[in-house]
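Enquirer: Let me see the structure of the following:
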Amino acid sequence: METRNLHTEDPRAASAIMKATSRAKPNRCKKPAYHFILAFDPEDDKAGKINPDMMKEIADKALTRLELQEHQALIYAHQDKDHPHIHFLVNRIHPETGKAWNRHNEGRRLLEFCGDMARERGNMTSTFLMTETERRIETKQKSMTLI
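Expert: Presented below is the predicted three-dimensional model:
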């Protein structure tokens with residue numbers, strides 16, 4: 001597990017800090033916690049293309065692409081399924097400005113990011129998977145491109 005902009009590695013303390021930050025700044029955000037998952041293709045894992053350093057690099061790039069690099073975040077990777085994946089829990093409330101991050105087109109942005117990462121790495125499958133919401137978007141987009 002790693003954190004960003006939290007000054008602690010303790011998940012409970014990090015959660016408390018994120019909660020306090022979201023309450024300390026005046027905002028209308030009803031759901032300040034944003035969770036998403038980036039999962040890797042099991043075949044890429046079997047082929048040895050996935051490693052912890054690469055996952056950390058992709059995690060940082062994902063936060064940057066979503067313009068969340070200055071936000072508080074808990075990031076943890078594990079493999080309780082047949083594929084490795086990274087969970088992100090991000091405070092949508094910026095710790096300095098108090099402005100809430102806008103989730104508009106988050107699914108599309110994550111899909112584009114995953115495709116870009118697969119192309120950048122050259123030897124990876126572009127079938128990164130995301131949260132259930134994004135999986136539905138990805139499935140819908142795939143079916144739309146086949147028509």
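Enquirer: Identify the residues contacting stretch 22-35?
Expert: The contact list for stretch 22-35 (C-beta atoms under 8 Å, 6 or more residues apart in numbering) reads 18, 68, 87-94, 97-101, 103, 131. To be clear about C-beta, it is placed using only N, CA and C from the backbone, and glycine gets the same treatment.
Enquirer: rerun at 7 Å
Expert: 87-93, 98, 100, 103 (C-beta atoms under 7 Å, 6 or more residues apart in numbering).
Enquirer: For it, measure first residue to last.
Expert: Counting by C-alpha to C-alpha, to the nearest Å, you get 15 Å between the two ends of stretch 22-35.
Enquirer: Stretch 99-110 too?
Expert: End-to-end span of stretch 99-110 (C-alpha to C-alpha): 21 Å.
Enquirer: what's the spacing between the nearest residue to Asp82 once chain neighbours are set aside and Asp80?
Expert: Computed as C-beta to C-beta, 6 or more residues apart in numbering, the closest residue to Asp82 that is not its neighbour in sequence is Pro42, at 5.0 Å. Note on Pro42: its distance to Asp80, by C-beta to C-beta, to the nearest Å, is 13 Å.
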